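J.: Pasting the sequence and the predicted model now:
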Amino acid sequence: MSNKVNKNVLRAGTITAGTALMLLMSSPAFALTRDDGDDPGPGLSVIETLGLFVALPIVLFLVIAGLVMVGDKPRKPAGSKG
């Protein structure tokens, strides 16, 4: 292999190893201990979760799309009859 290919392989390996190390360091295992002031609220029910993360984005998309369609409606020219 050429020297340039060896450098690229070494660079890719270094980036991969560094990324894996960062992911391991930030794993959820470190979240087992509570921090001072950590006060999680009550969990969401299934209905609340579906409403918040499924229904609400769909409704917002439809409202925004509707407003865009209304604002982009073709207008009649001032001098036309009809």
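T.: Here it is on my side, so go on.

J.: okay, CA-based contacts and neighbour counts for the rest of this
T.: OK.

J.: Now do the residue most central in space within the chain against residue 25, distance only.
T.: Most central in the chain under Cα atoms, centre = their mean is residue 53, positioned 11.9 Å from the mean C-alpha point. Residue 53 sits 29 Å away from residue 25, going by Cα to Cα, to the nearest Å.

J.: Please apply the same query to residue 37.
T.: To residue 25, residue 37 is 23 Å away according to Cα to Cα.

J.: which of the two has more neighbours?
T.: Ranked by neighbour count (other Cα atoms under 10 Å), residue 37 and residue 25 place residue 25 first, with 11 against 6.

J.: Check what pLDDT residue 77 gets.
T.: Residue 77 carries a pLDDT value of 73.

J.: Flag the shaky bits of the protein, pLDDT-wise.
T.: Within the chain, the ranges that satisfy pLDDT under 70 run 1, 27-32, 78-82.

J.: Tell me which stretches of it form helices.
T.: 3-25, 46-50, 56-71 (DSSP state H).

J.: As CSV, those with distance to residue 77 would be great.
T.: CSV is the format used below for the helices of the chain (distance: least, Cα to Cα, whole Å):
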stretch, distance to residue 77
helix 3-25, 59
helix 46-50, 46
helix 56-71, 16
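
J.: Now do the buried residues in stretch 34-46.
T.: Within stretch 34-46, not a single residue qualifies as buried, counting by 16 or more other Cα atoms under 10 Å.

J.: hang on, the earlier thing: next one: the residue nearest to the centre of the chain relative to residue 4, how far apart?
T.: Counting by Cα to Cα, the gap from residue 53 to residue 4 is 48 Å.

J.: repeat for residue 13
T.: 14 Å.

J.: which of these two has more neighbours?
T.: residue 13 (12 against 9).

J.: How many residues are close by residue 51?
T.: The number of residues packed near residue 51 is 13, by other Cα under 10 Å.

J.: dump the residue contacts of it.
T.: By Cα atoms under 8 Å, 6 or more residues apart in numbering, the contact set of residue 51 is empty.
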